[in-house]
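Trainee: No sequence on hand, only this structure:
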């Protein structure tokens, strides 16, 4: 079942858009993956399909219409001379044996290109899809003058100083500091005239990555999680000498569309010749891995060959790229919003290896979720040596029958923690041990909860648990909560790591002299933070409820709880039936609230917050539960005599009902006034209950 299948089409699109934006920001801006490439591509395609089916709900900021994400401000930024777009993806079904079915998406892509060009077969160029960081290099009259990351496709981070230092110091980087006209394009060696913008991928070879990590570990420095993160961090250094010291390598894969004027030996007509031109200028184009492919069958052979040699390559790849060879045909095919039509990325499936489970341990995440993690014999997969693999939850362990001591198949896709695919039962030992989740949080000892509609087990000590404290404190201080200006993620990390803050109540014990001892604080910034903390003591009840970080209690639910109970004490002592009378609160949310307040540690923190001066105006409690209206969907039609359309809508929403503009199977009631029209007819057709204004007023009162 799809992740968002229970929601409306618009809600699905909104939630997928927000989720993918979050993943993009972490991947492109923060250089960290929260999700595998495989899982991301699945969500991305789900969003694409929904937007095609319901274009009226597609958002202007959709990830399907943009590339990458925002740039980091510390480096400065610059605009690309022409958009530096991404590529659309296709996949193969590795279970199929029939080539046309196995590579169905490639067959469909080739057909689209042939139909558009009215040509069969089409001549392509196939190359590897490097797993690195995309970058553009601009040369003016032969001199490297600018280097930009992809960024959001239109504006990239300005890493010119770092890349120039790398080109100057590391001659193996394949980044020439100066370009000279190649012999085939002019007479004699002279600097290339005009502007040339070269685009490609910068990466690190696997052996160099391993050696660098060994030296980092021996020096007591940070060990890098994977090659891509190392490259991203290296080119974004504020100290160019660090970049220059790293064994990075650049593969050129194209010339920007508007810098062709630099050619001095006649017009280049094919993409393959464009690559040869770059090679003669001194760039590495991966020529031994690049092939001209006349037609579909050649592409399939190239894909199979690249997939087979993937594990033996000296660097990481995650697929192959096909481009139409004739540049004139490329121009004719053009672009869609975020990608060229003349090129496509053919992604590889996740890699699989076998290893043995040595132990199973439980990690507590920032949101309190307990995740069992298998400690495995270190194994090299996807360009990285890994020793941990996610087991997701107890249900997954039972379903796959995973035991300590088992030999298992491990899959790694992208930069996230690998997962166990299956058990090799033929190797199971007699002493293989079953695993069971603990009864209490392994970090703080709080009781664990599992909601009826979830597989995840969570720690209930949200304000107290050490594993959750950074998340809890950051949320507590956020804009919609206590709104403590200056207490964002970085400062929270600093305070927690220096053991000044353990839970939200400790914020109100901070002293000026404590802050001044920390690197990020001077006299003015420290006093500003203390002023903001003092100001936050006078808040609103709904903000305080939201700030506690109770699972499922968002901003709107916090307001409903404040309006229904009027004080924190009454909310804490509320019973499950009382909670479920509040608008939009069902059994799941009620249980989450009860579990939170049942944990003594959380109550202790709340008592400390009140003792340190947190106050709020008591709200006049009003129970807005109405059995006829709460949770129901209404449609208003015709003319009402006692209420305007807007007044009737406000009344319904006040009691937790919803007003829709059209009649559907999800409509509970149609309120029909005078001269009701087609909506009334539709209600009769669907068998929806129809009430008049008198009945409606009776329900309201």
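Mentor: Received it, and whenever you're ready, just let me know what you need. Model, not experiment: these values are computed from the prediction.
Trainee: Which elements pack onto the helix or strand residue 353 falls within?
Mentor: For residue 353, the element it lies in under DSSP states H and E is strand 351-364. When contacts are defined as 3 or more C-beta pairs under 8 Å, 6 or more residues apart in numbering; DSSP states H and E, strand 351-364 packs onto strand 369-381, strand 407-412. No exception for glycine: its C-beta is placed from N, CA and C like everyone else's.
Trainee: From residue 45, how far out is residue 399?
Mentor: Distance, residue 399 to residue 45, using C-beta to C-beta, to the nearest Å: 26 Å.
Trainee: Give me the more crowded residue out of the two.
Mentor: residue 45 (13 against 10; other C-beta atoms under 10 Å).
Trainee: And the pLDDT for that one?
Mentor: In this prediction, residue 45 carries a pLDDT score of 80.
Trainee: tell me the most buried of the helices and strands packed on strand 351-364?
Mentor: For those, the stretch with the most neighbours on average is strand 407-412, a mean of 21; neighbours defined as mean count of other C-beta atoms under 10 Å.
Trainee: Kindly calculate the angle that that one makes with strand 369-381.
Mentor: Taking axes from the mean of the first three to the mean of the last three C-alpha atoms, to 10 degrees, strand 407-412 and strand 369-381 form an angle of 90 degrees between their directions.
Trainee: And the next helix or strand past strand 407-412?
Mentor: Secondary structure here is assigned by DSSP H and E; on that basis, the next helix or strand after strand 407-412 toward the C-terminus is strand 419-423.
Trainee: Of all the helices and strands packed on strand 351-364, which one is nearest residue 97?
Mentor: When the helices and strands packed on strand 351-364 are ranked by distance to residue 97, counting by C-beta to C-beta, first place goes to strand 407-412 at 20.9 Å.
Trainee: so what secondary structure elements neighbour that closest one?
Mentor: Packed next to strand 407-412, using 3+ C-beta pairs under 8 Å, 6+ apart, are strand 351-364, strand 369-381, strand 384-390, strand 419-423.
Trainee: what would these look like in CSV with distance to residue 566 and mean pLDDT?
Mentor: Putting those into CSV (distance: least, C-beta to C-beta, whole Å; pLDDT from 0 to 100) gives the following:
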stretch, distance to residue 566, mean pLDDT
strand 351-364, 34, 89
strand 369-381, 32, 88
strand 384-390, 44, 81
strand 419-423, 47, 85
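Trainee: Among those strands, which comes closest to residue 268?
Mentor: strand 351-364 (37.0 Å).
Trainee: Identify each buried residue in the closest one, please.
Mentor: Buried residues in strand 351-364, counted by 16 or more other C-beta atoms under 10 Å: 351, 353, 355, 356, 357, 360, 362, 364.
Trainee: Mind picking the two most distant members of the residues you listed?
Mentor: Largest pairwise distance in the buried residues of strand 351-364, by C-beta to C-beta, is 28.7 Å, between 351 and 364.
Trainee: on that earlier part again, what angle separates the strand holding residue 353 from strand 407-412?
Mentor: Strand 351-364 and strand 407-412 meet at an angle of 90 degrees, taking the same axes, to 10 degrees as the criterion.
Trainee: What are the boundaries of the helices in the stretch 101-250 of the chain?
Mentor: Listed in chain order, the helices found in the stretch 101-250 of the chain under DSSP state H, counting those that start in this stretch are 104-117, 160-169, 206-218, 227-235, 240-245.
Trainee: outside of the first one, which residues touch it?
Mentor: The one in question is helix 104-117. Contacts of helix 104-117 with the rest of the structure, by C-beta atoms under 8 Å, 6 or more residues apart in numbering, involve 90-93, 100, 120-122, 295-296, 299-300, 303, 322, 324, 329, 332-333, 341-342, 344, 346.
Trainee: Quick one: mean pLDDT over stretch 178-188.
Mentor: Average pLDDT, stretch 178-188: 65.
Trainee: OK, contacts around the closest residue to residue 367 other than its chain neighbours?
Mentor: What sits nearest to residue 367 in space, not counting adjacent residues and going by C-beta to C-beta, 6 or more residues apart in numbering, is residue 471, at 6.3 Å. With C-beta under 8 Å, 6+ apart as the criterion, the residues that contact residue 471 are 366, 367, 549.
Trainee: so how far is residue 487 from the first one?
Mentor: As judged by C-beta to C-beta, residue 366 and residue 487 stand 16 Å apart.
Trainee: Give the residue from the two that has the larger number of neighbours.
Mentor: Here residue 366 and residue 487 are set side by side on neighbour count (other C-beta under 10 Å), and the busier one is residue 487, at 23 against 14.
Trainee: Could you pull up phi and psi at that one?
Mentor: Here the main-chain torsion angles of residue 487 (degrees, to the nearest 10) amount to phi -110, psi 60.
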